[in-house]
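Trainee: Build me a model:
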Amino acid sequence: MPKAKGKTRRQKFSYNVNRKRLNRNARRKAAPRIECSHIRHAWDHCKSVRQNLAEMGLAMDPNRAVPLRKRKVKAMEVDVKEGPKVLVRKPYVLNDLEAEASLPEKKDNTLSRDLIDYVQYMVENHGEDYKAMARDEKNYYQDTPKQIRNKINVYKRFYPAEWQTFVDSLQKNKMEVE
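Mentor: Predicted coordinates for the structure are as follows:
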């Protein structure tokens with residue numbers, strides 16, 4: 001809804017605000033947030049991106065850092081020249097990044113308890129007969145034989161140790177019955 005005529009007031013200039021600091025802070029806030037904490041803490045806002053990354057031992061342009069050799073032209077050993085060595089002033093950033101990258105990745109793929117119970121029930125009662133599993137009354141979702149086989153394979157892949165103990169217990173039960 002528009003304002004009534006004559007109700008808007010002209011803004012007065014504020015003389016007691018430091019415009020240089022205001023603009024600098026605005027520029028800093030407008031800069032994108034660096035997600036990597038190691039790089040963010042070592043970042044110097046007074047320097048350019050290229051200078052910051054060079055001090056950390058990182059490359060801004062990977063094509064220049066590791067140039068591709070042309071296959072047609074064979075360079076002689078005498079002609080190959082190495083570029084000037086870049087001084088790495090903040091090697092701890094590179095060391096922290098390498099240490100973080102060398103950590104093993106967490107496995108976050110798990111199966112629901114219902115699916116595990118379903119697979120164990122099917123294998124326990126029907127063994128490898130997928131068609132009989134598809135006709136079973138506990139097959140609530142009316143899975144086809146291939147879908148049941150795929151669920152069993154997923155269970156084998158996610159929990160190989162648990163699957164092996166389950167199969168061994170089935171073998172023991174089978175031996176005791178006979």
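Trainee: Next, count neighbours for the residue lying closest to residue 124 once chain neighbours are set aside.
Mentor: Computed as Cβ to Cβ, 6 or more residues apart in numbering, the closest residue to residue 124 that is not its neighbour in sequence is residue 170, at 6.5 Å. All C-beta atoms are positioned from the backbone trio N, CA, C, and that covers glycine. With neighbours defined by other Cβ atoms under 10 Å, the count for residue 170 comes to 14.
Trainee: what do you get for residue 107?
Mentor: By other Cβ under 10 Å, 7 other residues sit near residue 107.
Trainee: Same question for residue 146.
Mentor: Counted with other Cβ under 10 Å, residues neighbouring residue 146 total 10.
Trainee: My read is that it contacts residue 130, right?
Mentor: Yes. The criterion here is Cβ atoms under 8 Å, and residue 146 meets it with residue 130 at 7.5 Å.
Trainee: CA atoms of stretch 143-152 as PDB?
Mentor: Output of stretch 143-152 as PDB, limited to C-alpha atoms (Å, rounded to 0.1, in the frame of the first residue of the first chain):
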ATOM      1  CA  ASP A 143       8.400 -57.700  -3.900                       C
ATOM      2  CA  THR A 144       9.300 -59.600  -7.000                       C
ATOM      3  CA  PRO A 145      12.000 -62.400  -6.800                       C
ATOM      4  CA  LYS A 146      14.600 -60.000  -8.200                       C
ATOM      5  CA  GLN A 147      13.700 -57.300  -5.800                       C
ATOM      6  CA  ILE A 148      14.100 -59.700  -2.900                       C
ATOM      7  CA  ARG A 149      17.400 -60.900  -4.300                       C
ATOM      8  CA  ASN A 150      18.600 -57.300  -4.500                       C
ATOM      9  CA  LYS A 151      17.600 -56.600  -0.900                       C
ATOM     10  CA  ILE A 152      19.500 -59.600   0.200                       C
END
